[in-house]
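# quick one: sequence and predicted model below, then my questions.
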2 protein chains.
Amino acid sequence: MSNGSLAGFDSLEKVLEEYIPADKLAEVKRVLYGVNLGKPVAALELPEALQKVAEEQSFDLQAYKFEAAAEQFRAPRIVKIGLIQNAVVEPTTAPFAEQRQGIYNRVSQLIEAAGQAGVKILCLQEAWTMPFAFCTREKHWNAFAESAGTGPTTQLLQGYARQYSMVIISPILERDEAHGETIWNTAVVIGNNGNVIGKHRKNHIPRVGDFNESTYYLEGNTGHPVFETAYGKIAINICYGRHHPMNWQAFGMNGAEIVFNPSATVGELSEPMWGIEARNAAIANSYFVAAINRVGTEVFPNEFSSADGKPAHKDFGHFYGSSYVAAPDSSRTPSLSRCRDGLMVAELDLNLCRQVKDKWDFRLTARYELYADFFSRYIKHDFKPQLVKDPSLQ
Amino acid sequence: MSNGSLAGFDSLEKVLEEYIPADKLAEVKRVLYGVNLGKPVAALELPEALQKVAEEQSFDLQAYKFEAAAEQFRAPRIVKIGLIQNAVVEPTTAPFAEQRQGIYNRVSQLIEAAGQAGVKILCLQEAWTMPFAFCTREKHWNAFAESAGTGPTTQLLQGYARQYSMVIISPILERDEAHGETIWNTAVVIGNNGNVIGKHRKNHIPRVGDFNESTYYLEGNTGHPVFETAYGKIAINICYGRHHPMNWQAFGMNGAEIVFNPSATVGELSEPMWGIEARNAAIANSYFVAAINRVGTEVFPNEFSSADGKPAHKDFGHFYGSSYVAAPDSSRTPSLSRCRDGLMVAELDLNLCRQVKDKWDFRLTARYELYADFFSRYIKHDFKPQLVKDPSLQ
């Protein structure tokens, strides 16, 4: 169906802005994008020089601001976060070192722009150093895997972290050398002093369509860590974990104020879900969510099949980008481009999280004991669903 | 802000249809409303006579169809469901018997239309026999409460259930006479033979804004029942329970194929969440969700305050209707009107639920053991969040 090539459909928001008259557009946006302190989410001004860089380097640069009410006992806790989405640069037939270097060079431009925009917590997309080659089921792509603590990607980003005093989340293919060279899908968290604070491994692994990722790595064994950084408490829900509400919830129960969701997902499969899941998580858990998806179509050297009755092929569709930030008050930013590399900057007042908790009281009203009991019973082999059958039926 | 009176903003979908050119509209609708078997959710044809009734009786009538793929071992399991949204009829100053009779009369028109459309499972809105008076904190509104099993409302609907061989879900204010005349917010499930199959009490009770409903009733004690009816396995998530992902999930774990979400919620508070939560539940749990909200502004006899710094007043905003059906494949219908009474008819092939389960495998990949353990630890007083503090910080 759509592969992102439809002229003029760079983003949903651009279509709405172009055609709908102002008075009705305000209502449409209120329903679709919510309000923050009673107003539409505000644009954040960035230096003009940076806008020029974005034009010259051809990436989508957008910036927004989420405000919170003034409080009696706490000062505002304002932090700028950044989301980077990008296409791969070299063809997938190029030597791996060239492919990775091409991505490094491109993403470095975007990281530098983020640094100049004052971003203090930056997140890259899932498996950002490589094409998303897991559709091929070929194992030599594992060559892109590297040590979370000391690999070349971590080293590259440690420099930027120190340079900009920036926390960087780096989702990579990890090779765990301490445990038999096992492969994991991992997000490395680098602190603003350049140290590796820790890592989180993807909790939920898809077996759907081309995403038979358990060919490469299995369910993560790092729990639901929340990383207390210089700028706030953050967690990472990698890609397919966004379909699992309990996963989102566990990060919230551990205290996350911002959950990043680095992803790789294509239009045919998931685009109608994209605006729903991250945003529902932000609402249900009273935290910010930053949802990131790569862009472009990746063509692989060898044919593969997709278990969908269609002939073998060399690409599996268009990564539709559309990265955005969702707030606990149910407001959200527009999306980055469906087709172009992009940097989204969002200034958050983290005080909003607790303000929304106090207003809506989802934790007060959640009845955790009821569900802990229910789930404990559910996992037993002799679980019987609570089914009430109409006795008047045969 | 909006109180539903903005000219031309009867529904988001009408604005999109009016202004966006066809080629771009197709993409906008794909992203916002998803696809069912690769196509937009199809309109369902209804008898012309019924369309005429809707015009004469002035209600919004819409009908759609969700299809599933053909299967080798199962025949299609097709059922028509109906959702009714309505405003109260008489002023809230009228004698209670007149208020209730006015609603009975109006809703009877809509039930008859549903019967003629071939609806086999019908759901009314939350506390449908009365104005949503809980904002007043006045206790005399409890006079509207009645027995779930033998009250006048159940009796009225038993007639319709038999007449149309229709399962009817009737959300009422319940008075539990067997337990000290306690008040509950309850959905009564009446089978297609007119018998009461059972009831479910609202699991999560709000304390937010005007919705301080715990003044009247507390958290339900009926668990997460799924009712096995002649036409499918159904459950009811009453209103505020839609903010609680575990609540949705428990109904799915008990086997629900359709979850009805009868609600009463106003624009200022929740409209941007409305399109998100029910739909996320349908996706995450691989079942259909039917979300229902009342319409209109209800003006009460006495002033009340809303704990929001504003002067006391006699109404708390516009119930924005917008009832819709969401499918497990992430597609959905458009919304009913934001302002008018309405009947939404949706023909579902329930086989879609298992087809989506088998495709996406959210149950296979959910790691229930992990969460049963996590939640069991969370509810203990000595729970320690999994927090990883940057050691380089002071």
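Everything's here; your move.

# quick one, what contacts the residue nearest to residue A:175 when sequence neighbours are not counted?
With C-beta to C-beta, 6 or more residues apart in numbering or on different chains as the measure, residue A:145 is the residue that lies nearest to residue A:175, at 3.8 Å, once sequence neighbours are left out. In short, each C-beta sits where N, CA and C put it, glycine included. With contact set as C-beta atoms under 8 Å, 6 or more residues apart in numbering or on different chains, residue A:145 has these partners: A:172, A:173, A:174, A:175, A:183.

# who's in contact with the closest residue to residue A:315 other than its chain neighbours?
Spatial nearest neighbour of residue A:315, excluding adjacent residues (C-beta to C-beta, 6+ apart): residue A:299 at 4.6 Å. Counting by C-beta under 8 Å, 6+ apart, residue A:299 touches A:91, A:92, A:314, A:315.

# now swap in residue A:326 and tell me
Contacts of residue A:326 by C-beta under 8 Å, 6+ apart are A:278, A:279, A:281, A:282, A:283, A:288, A:289, A:291, A:332, A:333.

# and with 7 Å instead?
A:278, A:279, A:282, A:288, A:289, A:332 (C-beta atoms under 7 Å, 6 or more residues apart in numbering or on different chains).

# narrow those residues to those in helices?
The helices in this structure, assigned by DSSP state H, contain A:278, A:279, A:282 from the contacts of residue A:326.

# burial count for the last one?
Spelled out, that is residue A:282. Using other C-beta atoms under 10 Å in any protein chain shown as the criterion, residue A:282 is surrounded by 29 other residues.

# and for the first one?
Neighbour count of residue A:278, defined by other C-beta under 10 Å: 29.

# the second one too?
The tally of other residues near residue A:279 (other C-beta under 10 Å) stands at 27.

# so it sits against residue A:329, correct?
No: counting by C-beta atoms under 7 Å, residue A:279 does not reach residue A:329; the two are 11.1 Å apart.

# could you measure from the residue lying closest to residue A:26 once chain neighbours are set aside over to residue A:19?
In space, residue A:26 comes closest to residue A:40 once its chain neighbours are excluded; the distance is 7.7 Å by C-beta to C-beta, 6+ apart. Here the distance between residue A:40 and residue A:19 works out to 18 Å (C-beta to C-beta, to the nearest Å).

# looking at those two, which is more packed in?
residue A:19 (17 against 14).

# what's near enough to touch the more buried one?
With contacts defined as C-beta under 7 Å, 6+ apart, the neighbours of residue A:19 are B:19, B:20.

# what's the per-residue pLDDT of it here?
Residue-level confidence at residue A:19 comes out at 97, pLDDT.

# again with residue A:5
At residue A:5, the pLDDT value in this model is 47.

# looking at chain A, which helix or strand is least sure?
Of all the helices and strands that make up chain A, strand A:211-212 has the lowest average by mean pLDDT, DSSP states H and E, namely a mean of 91.

# list the neighbouring strands of that strand plus their orientation.
strand A:207-208 (antiparallel) (DSSP bridges).

# now the strand it pairs with, how far from the centre of its chain.
Mean C-alpha position of strand A:207-208 versus that of the full chain (C-alpha atoms, centre = their mean, to the nearest Å) differs by 19 Å.

# pLDDT averaged over it - what is it?
The pLDDT scores in strand A:207-208 average 94.

# give me the nearest residue to residue A:334, chain neighbours excluded.
In space, residue A:334 comes closest to residue A:13 once its chain neighbours are excluded; the distance is 4.0 Å by C-beta to C-beta, 6+ apart.

# distance between the strand or helix carrying the one you found and the chain's centre?
Under the assignment given by DSSP states H and E, the secondary-structure element containing residue A:13 is helix A:12-19. How far helix A:12-19 lies from its chain's middle: 24 Å, per C-alpha atoms, centre = their mean.

# over to stretch A:338-348?
11 Å.

# that stretch near chain B at all?
No: shown here: stretch A:338-348 not in contact with chain B (C-beta under 7 Å from any C-beta of the partner chain), separated by at least 8.9 Å.

# give me every residue in the stretch 101-250 of chain A lying close to chain B.
Residues of the stretch 101-250 of chain A lying near chain B (C-beta under 7 Å from any C-beta): A:191, A:193, A:195, A:197-198, A:203-208, A:219, A:223-230, A:243-246, A:249-250.

# okay, now the unreliable bits of the stretch 151-300 of chain A?
Of all residues in the stretch 151-300 of chain A, none has pLDDT under 70.

# that one: helices as residue ranges?
Counting by DSSP state H, counting those that start in this stretch, the stretch 151-300 of chain A has these helices, from start to end: A:152-164, A:245-253, A:267-285.

# tell me which two of the contacts of residue A:326 sit farthest apart.
Pairwise distances across the contacts of residue A:326 (C-beta to C-beta) peak at 10.7 Å, for the pair A:279 and A:288.

# verify the stated contact: residue A:321 with residue A:293.
Yes: with contacts counted by C-beta under 7 Å, residue A:321 reaches residue A:293, the gap being 5.6 Å.

# shared neighbours, those two?
Common contacts of residue A:321 and residue A:293 (C-beta under 7 Å, 6+ apart): residue A:85.

# and the residue of the stretch 101-250 of chain A nearest chain B?
Nearest residue of the stretch 101-250 of chain A to chain B, counting by C-beta to the nearest C-beta: residue A:245, 3.6 Å away.

# hey, C-alpha coordinates of stretch A:334-349 in CSV?
As requested, C-alpha coordinates have been extracted for stretch A:334-349 and formatted as CSV (Å, rounded to 0.1, in the frame of the first residue of the first chain):
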residue,chain,number,x,y,z
PRO,A,334,3.5,16.3,16.0
SER,A,335,5.6,13.6,14.3
LEU,A,336,8.9,13.9,12.5
SER,A,337,8.9,13.2,8.8
ARG,A,338,7.8,9.8,7.5
CYS,A,339,10.6,9.8,5.0
ARG,A,340,13.5,12.0,6.1
ASP,A,341,16.2,11.8,8.8
GLY,A,342,15.2,13.9,11.7
LEU,A,343,15.9,15.4,15.1
MET,A,344,13.1,16.1,17.5
VAL,A,345,13.9,18.3,20.5
ALA,A,346,11.5,18.5,23.4
GLU,A,347,11.8,20.6,26.5
LEU,A,348,10.0,18.9,29.4
ASP,A,349,9.2,20.1,32.8
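
# may I see the buried residues of that stretch?
Taking 16 or more other C-beta atoms under 10 Å in any protein chain shown as the neighbour-count basis, stretch A:334-349 is seen to contain the buried residues A:334-349.

# quick one: mean pLDDT over it.
If you average the per-residue pLDDT over stretch A:334-349, you get 98.

# what stretches of the stretch 1-150 of chain A score poorly on pLDDT?
Confidence mapping of the stretch 1-150 of chain A against pLDDT under 70 gives the ranges A:1-8.

# change it to 50
Counting by pLDDT under 50, the stretch 1-150 of chain A contains low-confidence residues at A:1-5.

# which stretches of it form strands?
Taking DSSP state E, counting those that start in this stretch as the criterion, the stretch 1-150 of chain A carries its strands at A:42-43, A:60-66, A:78-85, A:121-123.

# out of the ones you listed, deepest packed?
Looking across the strands of the stretch 1-150 of chain A with neighbours counted as mean count of other C-beta atoms under 10 Å in any protein chain shown, the highest average goes to strand A:121-123: a mean of 29.

# helices and strands around it, which ones?
strand A:78-85, strand A:167-176, strand A:258-263 (3 or more C-beta pairs under 7 Å, 6 or more residues apart in numbering or on different chains; DSSP states H and E).
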